[in-house]
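Engineer: here are the coordinates; sequence isn't available:
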DNA sequence: CCATAGATGCACT
DNA sequence: GTGCATCTATGGC
């Protein structure tokens, strides 16, 4: 996909990414995966977005030009990958939430040895792991970097479902943030954001 | 199948 | 110190 594909609002890019393929090339081999679930994040007016409180070291890539990866670390152990959307200076992105592995299943499985076929790339951190994406990929250009976006098989509007975001406080806002392909087993399970008990020292 | 708790490190207040 | 754009293991039905 050309960079211009991502130079739009993430709310337009997100549904358009469903059914398209990502190809991750590494020393271990090539993995191709078809996107079945994504989530849109805006800059301002989106309390759930990392960019909501303005630019900071972590989210700098979101404010840059479209078509670059924003990969962040969370929960002390997981990486999640986004593609930056919108014009430069407009901090929008689409989180890659789930995919079906089409090629390189053995390579992906070597990164997630205990995974079932259904769970191999079901969820943003699982998908990032299956594609071997981490902090070293933050800021990578999708036009010439290790993760490429291919045309795949675009999904018709009738097959697309929308709903609240997963694991984000305030996810019930009136905007259709999350998009997935209807009837696909690899779409991640919905979990409402939860407040956790304070830890002991 | 479903629900819950713990892991674990960093960004930010 | 608080809160994560999460996942896995475990225990109950």
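Structural biologist: Yep, that arrived. Since we're looking at a predicted model, the values are computed, not measured. Numbers count the residues shown, from 1 in each chain, chains lettered A, B, ... in the order given.
Engineer: can you give me the strands in chain A?
Structural biologist: A:21-26, A:29-41, A:69-74, A:78-85, A:92-103, A:147-150, A:160-163, A:178-181 (DSSP state E).
Engineer: Which of the helices and strands in chain A ranks last by mean pLDDT?
Structural biologist: Sorting the helices and strands of chain A by mean pLDDT, DSSP states H and E puts strand A:160-163 at the bottom, at a mean of 92.
Engineer: Specify the stretch among the strands of chain A that is closest to residue A:110.
Structural biologist: Proximity to residue A:110 (Cβ to Cβ) singles out strand A:29-41 among those, at 8.7 Å. C-beta coordinates here come from the backbone N, C-alpha and C atoms, glycine included.
Engineer: How about that closest one and DNA strand C, touching?
Structural biologist: Yes: interface with DNA strand C: strand A:29-41 contributes A:39, A:41 (Cβ under 7 Å from any atom of the strand).
Engineer: just to revisit the earlier point, does the least confident helix or strand of chain A pack against any helices or strands, and if so which?
Structural biologist: strand A:178-181 (3 or more Cβ pairs under 8 Å, 6 or more residues apart in numbering; DSSP states H and E).
Engineer: quick one on the thing from earlier: as JSON lines, the strands of chain A with distance to residue A:5 and mean neighbour count would be great.
Structural biologist: What follows is the strands of chain A, written out as JSON lines (distance: least, Cβ to Cβ, whole Å; neighbours: other Cβ atoms under 10 Å):
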{"stretch": "strand A:21-26", "distance to residue A:5": "13", "mean neighbour count": "20"}
{"stretch": "strand A:29-41", "distance to residue A:5": "13", "mean neighbour count": "24"}
{"stretch": "strand A:69-74", "distance to residue A:5": "14", "mean neighbour count": "19"}
{"stretch": "strand A:78-85", "distance to residue A:5": "9", "mean neighbour count": "24"}
{"stretch": "strand A:92-103", "distance to residue A:5": "11", "mean neighbour count": "24"}
{"stretch": "strand A:147-150", "distance to residue A:5": "7", "mean neighbour count": "17"}
{"stretch": "strand A:160-163", "distance to residue A:5": "17", "mean neighbour count": "14"}
{"stretch": "strand A:178-181", "distance to residue A:5": "16", "mean neighbour count": "24"}
